[in-house]
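Q: mind folding the following:
(2 chains, ligands or ions: 2)
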Amino acid sequence: MTTSVEPQAPASAAEQFALRQQSPLQRVQHLLHSHPALSPLMVLIVACIAFTIINPRFAQPATISIILQQTAVIAALAIGQTLIILTAGIDLAVGATAILAMLVMANLAANNGVPGGLALLIGIAVGTACGFLNGLLVTRLNLPPFIVTLGTLSIYTAIGLLYSGGASVGRNQMPPILNLMGTRFAIGPFRLTLGVIIVALLAAVVAFILSQTSWGRHLYAVGDDIEAARLVGIQVDRVLLSVYTVAGLIYGFTAWVLIGRAGTASPNAIVGANLETITAVVIGGTSLFGGRGGIVGTILGALIVYAFNTGLALAGVDDQLRVLAIGVLIIVAVSIDQWIRKVKA
Amino acid sequence: MTTIPPTSDLTEEEKDKVGLGNPPILADTSETVLSGRGLIKTFGRVVGLDGVDVDLFPGEVLAVIGDNGAGKSTLIKALTGALIPDSGHVYLDGNEVHFKTPQDARSAGIETVYQTLAVAPALDIAANMFLGRERRRSGPLGSVLRMLDKKGMKDDAGQSMANLGIATVQNMSQAVETLSGGQRQAVAVARAATFATKFVVLDEPTAALGVKETGQVLNLIQQIKAKGLPVILISHNMPNVFEVADRIHIARLGGCAGVITPKSHTPTEAVAIMTGATTLAKG
Ligand SMILES: Nc1ncnc2c1ncn2[C@@H]1O[C@H](COP(=O)(O)OP(=O)(O)O)[C@@H](O)[C@H]1O
Ligand SMILES: [Mg+2]
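A: Ligands and ions are numbered 1, 2, ... in the order given. You can find the predicted model right below:
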């Protein structure tokens, strides 16, 4: 009732009650409801200030540069994860897909004599195909995304290991184009990689598509209330299939960033990707129930995870306490989501 | 119970026009906006529709009443593509149509407000009004970048709501979940009224509402009628039906127990026909 302006005086006591002033807490609730990325932004700012007070080295450009480089890969994967979680799904095969795509591009170029550019494209196509298959299973067989991606997690991991024989491909075995994302350069005092810039661009493009196109709007509607989306004529299955496919494309593309970051293509890279991407998405304020959240929050969420890693390490805190702190953040983020979902008129 | 003599105060011509009686006098489909003829729909051994005929005339509010399970929703679904009848014909403006999906009916100008409302709670009012038929910006921003015309849609949503006299919701950027039940209903009805070009169907729009909000929805129905759009209103609520309906189609046990008007019968008589306590004399 905040904006309802009825000319006549409220007729009943209940209506007067409904028109009462909002308490400060309710205002916060409304603010977070319309801007879900605000809470991770606050957490990030407060954490950065606290870490800098504890250890001023935290705010040095060198430290910040490292945090950004560390964040890039998980942030990129988390963008795909965000799209899927917004539809009320989940992707447990995110790491397996990226690794399979990476192994394909690296091995094709290093061992099968495929030109670097072509190997790269084939690798990205494999990632896209993995996402497409997840989407097909979710939409055609009506299986829950959790189960589908739990299955394909094992399948894609096994295929990657069988194909690569479990061996890594070193930097020097790969053509320069595959290592391109690791290219370092300086912006002022900051030392960044091309991968960081590309991931930032990727985030901007996906955020734009989500907020400015019908595809983005339909994606939110499907996650919000799938039956309503169907009734208003949105082709729900097509939206879902496209979301899983685009996520696969993003994972395939991220494989390229990953090679640049790691310097090798190893089957053991990013083992924690599943949980880390889900953590970034959840801390970033995207609801696991679908329909609300977005890319900005996810990037903030990923930054929070790595800022905590570095900040607590610089503060001399035990590694287990860092893990504990991330766990607390997850619980708090989900509780906040539950609270703002109860927002009333 | 005795049989209620129908329509004693109406002339023969008027009776013909309203299609009173059992079975109702069938109109020429070229005079109706929508007609269903001999609609049959079975669900296994359950008979949902047992050869039902129905007519919707230009500019009228047709109420469909009946007990739970009488086949009201099934009738509506068979007319609007949500169900495909096993047998029978549907005519829109005199031409036979074969809707396969609700989308087909929408494309033909028929808008349905489902009992479940079909709104996305987290999206705002403007987004919900245009959900599934978003408008793009003009020029390369729309054609190349595929950008939505958010401002235009917001303005038009506000305009539609204002035209229907919905004053209690003014901020089109408000998420639908922050609205009251009646306001949500108003959004769904406004959406239907805005995009319908043939007629609007409302399935139990007041079932979950309080007295005041019900009044607002009835007012909306009058507004739609004033725009010249016919309305099919499914309802359980006799006072509501008798307030807004021009004709009343009484569904019973998958069939039609007759068609009456608020002038020809009282609510008590309508309930008696609806429950089978009395039958309409053959017209
Ligand atoms: N999808 C369905 N499957 C099986 N039976 C159905 C289905 N839809 C409706 N029915 C049956 O058809 C009859 C009419 O239902 P319905 O049209 O929903 O009634 P109303 O809307 O008048 O309450 C009921 O007996 C109902 O159980
Ligand atoms: Mg019903």
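
Q: state the mean pLDDT of the strand or helix carrying A:R238.
A: Taking DSSP states H and E as the definition, one finds A:R238 inside helix A:236-262. If you average the pLDDT over helix A:236-262, you get 97.

Q: and that helix, is it in reach of chain B?
A: No - residues of helix A:236-262 are not located near chain B by Cβ under 8 Å from any Cβ of the partner chain, the shortest gap being 10.6 Å. No exception for glycine: its C-beta is placed from N, CA and C like everyone else's.

Q: distance between that helix and the chain's centre?
A: 11 Å (Cα atoms, centre = their mean, to the nearest Å).

Q: what sits up against the helix or strand that that helix is followed by?
A: Going down the chain from helix A:236-262, the next helix or strand is helix A:273-283, by DSSP H and E. The contact list for helix A:273-283 (Cβ atoms under 8 Å, 6 or more residues apart in numbering or on different chains) reads A:40, A:43, A:74-75, A:77-78, A:80-82, A:85, A:90-95, A:98, A:153, A:270, A:288, A:293, A:297-298, A:300-302, A:304-305, A:326, A:329-330, A:333-334, A:337.

Q: now the angle from helix A:273-283 to helix A:236-262?
A: On the basis of axes from the mean of the first three to the mean of the last three Cα atoms, to 10 degrees, helix A:273-283 is oriented at 110 degrees to helix A:236-262.

Q: which elements pack onto whichever helix or strand comes after helix A:273-283?
A: Sequence order places helix A:295-314 as the next helix or strand after helix A:273-283, per DSSP H and E. Under the contact criterion of 3 or more Cβ pairs under 8 Å, 6 or more residues apart in numbering or on different chains; DSSP states H and E, helix A:295-314 touches helix A:38-54, helix A:61-86, helix A:194-212, helix A:273-283, helix A:319-341.

Q: would you map the strands across chain B?
A: B:34-43, B:46-56, B:61-65, B:87-92, B:95-97, B:110-113, B:199-203, B:231-234, B:247-252, B:255-260 (DSSP state E).

Q: so which bits of the fourth one are buried?
A: Neighbour counts using 16 or more other Cβ atoms under 10 Å in any protein chain shown place B:G88, B:V90, B:Y91, B:L92 of strand B:87-92 among the buried residues.

Q: with respect to A:Q29, which of those residues is nearest?
A: B:L92 (47.4 Å; Cβ to Cβ).

Q: dig out what the closest one forms beta bridges with.
A: B:L34, B:N95 (DSSP bridges).

Q: distance of it from B:I84?
A: 15 Å (Cβ to Cβ, to the nearest Å).

Q: ok, B:D104 next?
A: 10 Å.

Q: show me where pLDDT drops low in the stretch 51-200 of chain B?
A: For the stretch 51-200 of chain B, no stretch is flagged by pLDDT under 70.

Q: show me what from it comes close to ligand 1.
A: B:G66, B:N68, B:G69, B:A70, B:G71, B:K72, B:S73, B:T74 (Cβ under 6 Å from any ligand atom).

Q: quick check, nearest of the buried residues of strand B:87-92 to chain A?
A: Nearest to chain A among the buried residues of strand B:87-92: B:L92, at 18.0 Å, using Cβ to the nearest Cβ.

Q: OK, contacts around that closest one?
A: So, once contact is read as Cβ under 8 Å, 6+ apart, B:L92 ends up touching B:V33, B:L34, B:A108, B:I110, B:K198.

Q: mind putting the helices and strands packed on helix A:295-314 into TSV with distance to B:G48, mean neighbour count and mean pLDDT?
A: Shown next, in TSV, are the helices and strands packed on helix A:295-314 (distance: least, Cβ to Cβ, whole Å; neighbours: other Cβ atoms under 10 Å in any protein chain shown; pLDDT from 0 to 100):
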stretch	distance to B:G48	mean neighbour count	mean pLDDT
helix A:38-54	50	17	94
helix A:61-86	37	24	97
helix A:194-212	41	18	97
helix A:273-283	44	25	94
helix A:319-341	37	14	87
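
Q: between those, which gets nearest to B:Q159?
A: helix A:194-212 (22.4 Å).

Q: point to the residue nearest the middle of the chain.
A: In the absence of a named chain, this looks at chain A. Centroid check for chain A by Cα atoms, centre = their mean gives A:A78 as the closest residue, at 1.8 Å.

Q: sorry, should have said chain B
A: B:V201 (1.9 Å).

Q: chain A contacts on chain B?
A: B:102-103, B:106, B:114, B:116-123, B:127, B:131-134, B:136, B:145-148, B:150, B:167-171, B:174-175, B:177-180, B:183.

Q: now B:L49: closest residue in space, sequence neighbours ignored.
A: B:K41 (4.2 Å; Cβ to Cβ, 6 or more residues apart in numbering or on different chains).

Q: correct me, but A:G131 touches A:L249?
A: Yes - assessed by Cβ atoms under 8 Å, A:G131 is found in contact with A:L249 at 6.6 Å.
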